[in-house]
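Asker: take a look and give me a structure for this.
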Amino acid sequence: MSHTVFVTGVAGTTGRELVRLLAAADVDVRAGVHTPSKADFPESVDVRGIDFEDSESLRDAFDGVSKLYLLTPFVPHDTELVRAAVDAAVESGSTTSSVTRRSVPPRPSSSRRSGIARARS
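Answerer: Predicted coordinates:
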């Protein structure tokens, strides 16, 4: 069974490099970016336009995805963006392999933990 890894935040240094490494390792990779025309990846990479505030764009991007590496923009409401992405991941049946943000409190909120747990189950 083929596993597609969906990486968000690919306009940044971490996401961009992860996509390049996965593609070089012949992993099926999908890159989520706000402006697809600005993405510069190998042809094997499936580039999708996403908007964390548009649940439909997230659902479309998650279709057929089995793994997720989630990087969200640094904005004051990033918790809501994570929640939207995790909900889309759960709906698609994918699992969350990594969630990052600029600062993680010592005890993540219960809503965030439960969302991640739902995505993993």
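Asker: and the host helix or strand of Tyr69, what does it pack against?
Answerer: Using DSSP states H and E, Tyr69 maps to strand 67-71. In terms of contacts (3 or more CB pairs under 8 Å, 6 or more residues apart in numbering; DSSP states H and E), strand 67-71 is packed against strand 4-8, helix 13-24, helix 78-92, strand 95-100. To be clear about C-beta, it is placed using only N, CA and C from the backbone, and glycine gets the same treatment.
Asker: buried set for it?
Answerer: By neighbour count with 16 or more other CB atoms under 10 Å, strand 67-71 contains the buried residues 67-71.
Asker: what's the closest of those to Glu80?
Answerer: Closest approach to Glu80 among the buried residues of strand 67-71 (CB to CB): Leu70, at 13.4 Å.
Asker: ok, so of the buried residues of strand 67-71, who is nearest Asp54?
Answerer: Checking the buried residues of strand 67-71 against Asp54 with CB to CB, the nearest one is Leu70 at 16.0 Å.
Asker: look up how far Asp28 lies from the closest one.
Answerer: Per CB to CB, to the nearest Å, Leu70 is found 17 Å from Asp28.
Asker: run me through the strand neighbours of the strand holding Tyr69, direction for each.
Answerer: Counting by DSSP bridges, the strands paired with strand 67-71 are strand 4-8 (parallel), strand 95-100 (parallel).
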